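**Q** need a structure here:
(one chain, ligands or ions: 1)
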Amino acid sequence: MGRRNNRIVLENLKVIDAGAKGKAVAKAPDGKIVFISNAVPGDTATVQTTKKRKAYYEGKAISFSELSDKRTEPVCQHFGVCGGCKWQNMGYQHQLFYKQKEVENNLNRIGKIDLPSILPILGSEKTYFYRNKMEFSFSDNKWLTLEQIQSNEIIENRNALGFHIPGMWDKILDIKKCHLQQDPSNAIRTFIKNKAEELDLSFFNTRKQEGLLRTLMIRTTSTNEIMVLVQFYSEDKTKREALLNAVKDEFPEITSLQYVINSKGNDTIYDQEVHCFHGRDHIFEEMETLRFKINAKSFYQTNSEQAYELYKVTRDFANLKGDELVYDLYTGTGTIAQFVAKNAKKVIGIESVPEAIEAAKENALLNEVTNSEFYVGDMKNVFNDEFINAHGVPDVVITDPPRDGMHADVVSQLLKLSPPKIVYVSCNSATQARDLALMDDTYKVTKVQPVDMFPQTHHVENVVLLEKR
Ligand SMILES: C[S@@+](CC[C@H](N)C(=O)[O-])C[C@H]1O[C@@H](n2cnc3c(N)ncnc32)[C@H](O)[C@@H]1O
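**A** The predicted structure is shown next:
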């Protein structure tokens with residue numbers, strides 16, 4: 001162990017695993033665990049620590065004496081600076097291995113429950129260009145790389161259109177090409193940046209809260225529809241129209257060109273009026289025989305192809321016969337509810353975002369799904385005895401909570417109702433494991449299927465079937 005700049009340098013650590021938040025894992029000579037960014041299991045790395053805690057260190061690999069055979073060349077020029085695809089330097093089969101392992105570890109270590117053998121993770125056919133939604137920020141305070149700073153070159157144009165540097169709210173990495181969204185996403189972003197500069201539209205400065213252009217959202221669908229939304233800080237009709245007309249003329253394939261004027265302190269558009277500049281105010285995504293109308297504020301799973309795989313697993317696990325009352329908790333825009341509706345007597349979706357419930361109802365009408373109902377509210381308040389008395393005791397519950405998992409009151413209510421089957425879809429197997437442990441006396445886990453929705457990242461979805469003991 002050596003010391004440099006008051007930080008500990010740990011030399012020649014063998015990286016043995018990939019851990020939480022996608023960090024590589026090694027053991028320090030003093031026995032503590034070291035979580036390392038920028039390394040791959042199988043590497044031998046010298047690590048500079050950035051954080052020291054009682055049981056572990058956090059740090060960054062600064063050199064390697066041995067490179068892992070699990071490594072692969074990252075395709076993206078922004079890898080290592082952009083926080084988006086931290087596992088791009090690891091082969092996809094190895095990414096899948098560590099995702100599967102994370103699910104197994106969480107269910108075993110946190111859940112401490114009897115498990116069936118966990119089904120092999122469903123990998124994604126597309127490992128790049130799989131996202132249907134990207135959001136970029138404009139900034140007049142571009143992040144400079146170490147090379148740019150060291151070159152002493154005077155950089156006059158500090159405009160950027162890209163992503164926040166991890167942990168830095170006011171620094172934006174100027175993205176040249178992102179490998180996550182299909183064409184023409186990159187072409188649209190590049191055109192908008194260049195055109196904005198040509199037309200002299202100022203880029204936002206978050207600290208000073210100045211500048212005209214704030215954010216850009218691009219949504220694409222598997223049916224090749226495109227939505228583009230530009231967020232401005234203030235109204236300058238001449239400049240706004242000049243930019244949006246140029247975008248419309250350059251990309252006639254855009255289905256929906258919209259804008260927002262948002263002068264408040266943060267970028268979220270959810271409390272803002274969205275104006276349609278050209279085309280429709282929505283696009284359509286399709287899944288099997290269903291069509292989903294998506295507007296600028298709608299939630300839709302960001303990997304459409306893998307969402308279809310996830311929903312198929314959910315439907316298989318539910319194994320509906322047609323006479324069941326199904327509850328779809330945390331229904332979002334009601335996509336799972338509508339996906340399983342034709343196999344059920346009735347489906348009831350509950351969700352806290354009112355706009356999502358409006359969209360769920362609209363999509364159900366559009367899809368002629370007549371046996372679904374949707375209700376809005378916080379789950380722990382809505383999913384109560386009064387609601388059950390009014391709507392009936394479920395035969396099957398599908399639950400797909402956010403990363404925090406289910407509120408303890410929701411778990412208690414599930415146990416009280418104890419439907420024969422619960423299908424638990426989760427984007428965080430650690431909180432899922434916690435909830436499964438709470439239900440273990442009443443429910444046996446009979447199937448577990450991890451699904452990869454986000455290649456090149458450590459994130460993994462997991463579907464579990466619980467059957468009443
Ligand atoms: C992981 S998403 C699932 C969405 C949906 N099942 C789908 O596949 O598109 C979780 C959903 O839970 C909703 N949500 C979060 N907290 C909630 C709460 N306390 N009560 C009800 N819904 C909540 C979110 O708005 C989000 O739509």
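
**Q** up against the ligand, what does the stretch 151-300 of the chain have?
**A** With Cβ under 6 Å from any ligand atom as the criterion, the stretch 151-300 of the chain meets the ligand at residues residue 299. In short, each C-beta sits where N, CA and C put it, glycine included.

**Q** flag the shaky bits of the stretch 151-300 of the chain, pLDDT-wise.
**A** Nowhere does the stretch 151-300 of the chain drop to pLDDT under 70.

**Q** in it, what residue lies closest to the ligand?
**A** residue 299 (5.3 Å; Cβ to the nearest ligand atom).

**Q** what is the burial count for whatever residue of the stretch 301-450 of the chain ends up closest to the ligand?
**A** In the stretch 301-450 of the chain, the residue that lies nearest the ligand is residue 332 (2.9 Å; Cβ to the nearest ligand atom). Around residue 332 there are 21 other residues, counting by other Cβ atoms under 10 Å.

**Q** pop out the phi and psi values for it.
**A** Dihedral angles of residue 332 (phi, psi; degrees, to the nearest 10) stand at phi 60, psi -130.

**Q** can you check residue 386 too?
**A** Backbone torsions of residue 386, given as degrees, to the nearest 10, read phi -60, psi -40.

**Q** give me the number of residues near it?
**A** Neighbours of residue 386 (other Cβ under 10 Å): 8.

**Q** give me the pLDDT value at it.
**A** pLDDT recorded at residue 386 is 98.

**Q** residues contacting the residue of the stretch 301-450 of the chain closest to the ligand?
**A** When contacts are counted by Cβ atoms under 8 Å, 6 or more residues apart in numbering, residue 332 touches 299, 351, 353, 356, 360, 400.

**Q** among these, which ones are in helices?
**A** Among the contacts of residue 332, the residues falling in helices (DSSP state H) are 356, 360.

**Q** show the buried residues in the contacts of residue 332.
**A** The neighbour-count test (16 or more other Cβ atoms under 10 Å) applied to these identifies 351, 353, 356, 360, 400 as buried.

**Q** overlap between these and the residues near the ligand?
**A** Answer for the buried ones among the contacts of residue 332 near the ligand (Cβ under 6 Å from any ligand atom): 351, 353, 356, 400.

**Q** look up the closest residue to residue 346, ignoring the ones flanking it.
**A** Leaving aside its sequence neighbours, residue 346 sits nearest to residue 371 (Cβ to Cβ, 6 or more residues apart in numbering; 4.8 Å).

**Q** is it true that the one you found touches residue 341?
**A** Yes - with contact defined as Cβ atoms under 8 Å, residue 371 reaches residue 341; the gap is 5.6 Å.

**Q** more crowded one of the two?
**A** Each of residue 371 and residue 341 has its neighbours counted (other Cβ under 10 Å); residue 341 has more, 23 against 16.

**Q** contact partners for that one?
**A** Contacts of residue 341 (Cβ under 8 Å, 6+ apart): 347, 364, 369, 371, 372.

**Q** show me the strands in the stretch 201-350 of the chain, by range?
**A** Secondary structure of the stretch 201-350 of the chain (DSSP state E, counting those that start in this stretch): strands at 213-220, 226-232, 256-261, 275-279, 282-287, 290-295, 325-329, 346-351.

**Q** quick one: closest of these to residue 309.
**A** strand 282-287 (10.7 Å; Cβ to Cβ).

**Q** let me see the contact set for the most centrally placed residue in the chain.
**A** Ranked by distance to the mean C-alpha position of the chain (Cα atoms, centre = their mean), the top residue is residue 302 at 6.7 Å. Contacts for residue 302 (Cβ under 8 Å, 6+ apart) come out as 131, 132, 133, 453.

**Q** got it, and residue 465?
**A** Residue 465 touches 317, 421, 422, 423, 424, 445, 446, 447, 448, counting by Cβ under 8 Å, 6+ apart.

**Q** and the pLDDT at the fourth one?
**A** It stands for residue 423. pLDDT for residue 423: 98.

**Q** then it would be within a strand, right?
**A** Yes - assigned with DSSP: H, G, I helix; E, B strand; the rest coil, residue 423 falls within a strand.

**Q** just grab the bridge partners of it for me.
**A** residue 398, residue 465 (DSSP bridges).

**Q** how close does residue 234 get to residue 278?
**A** Residue 234 sits 21 Å away from residue 278, going by Cβ to Cβ, to the nearest Å.

**Q** so for those two, which sits in the more crowded spot?
**A** Neighbour totals were compared for residue 234 and residue 278, and residue 278 leads with 17 against 12 (other Cβ under 10 Å).

**Q** the helices in the protein, which residues?
**A** 92-105, 146-150, 185-198, 237-250, 304-318, 335-341, 354-366, 379-382, 385-391, 408-417, 429-439.

**Q** spell out which parts of the stretch 1-150 of the chain neighbour the ligand.
**A** Residues of the stretch 1-150 of the chain lying near the ligand (Cβ under 6 Å from any ligand atom): none found.

**Q** on that earlier part again, closest to residue 34 out of the contacts of residue 332?
**A** Once Cβ to Cβ is applied, the member of the contacts of residue 332 that ends up nearest residue 34 is residue 400, at 34.5 Å.

**Q** what sits in contact with each of residue 371 and residue 341?
**A** Common neighbours of residue 371 and residue 341 (Cβ under 8 Å, 6+ apart) are residue 347.

**Q** before we move on, back to that, weakest of the helices of the chain by average pLDDT?
**A** helix 146-150 - the lowest mean pLDDT of the helices of the chain, at a mean of 76.

**Q** got the contact list for it?
**A** Counting by Cβ under 8 Å, 6+ apart, residue 155 sit against helix 146-150.

**Q** what's the domain layout of the protein?
**A** Using automatic domain parsing, the domains assigned to the chain come out as 2-71, 96-126+303-468, 133-287.

**Q** okay if I get these as a markdown table plus distance to residue 84?
**A** Output for those, formatted as a markdown table (distance: least, Cβ to Cβ, whole Å):
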| stretch | distance to residue 84 |
| --- | --- |
| domain 2-71 | 11 |
| domain 96-126+303-468 | 7 |
| domain 133-287 | 6 |
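
**Q** most tightly packed of these?
**A** Among the domains of the chain, ranked by average contacts under mean count of other Cβ atoms under 10 Å, first place goes to domain 96-126+303-468 (a mean of 19).

**Q** ok, back up a step: of the contacts of residue 465, list those near the ligand.
**A** Filtering the contacts of residue 465 for proximity to the ligand by Cβ under 6 Å from any ligand atom leaves nothing.
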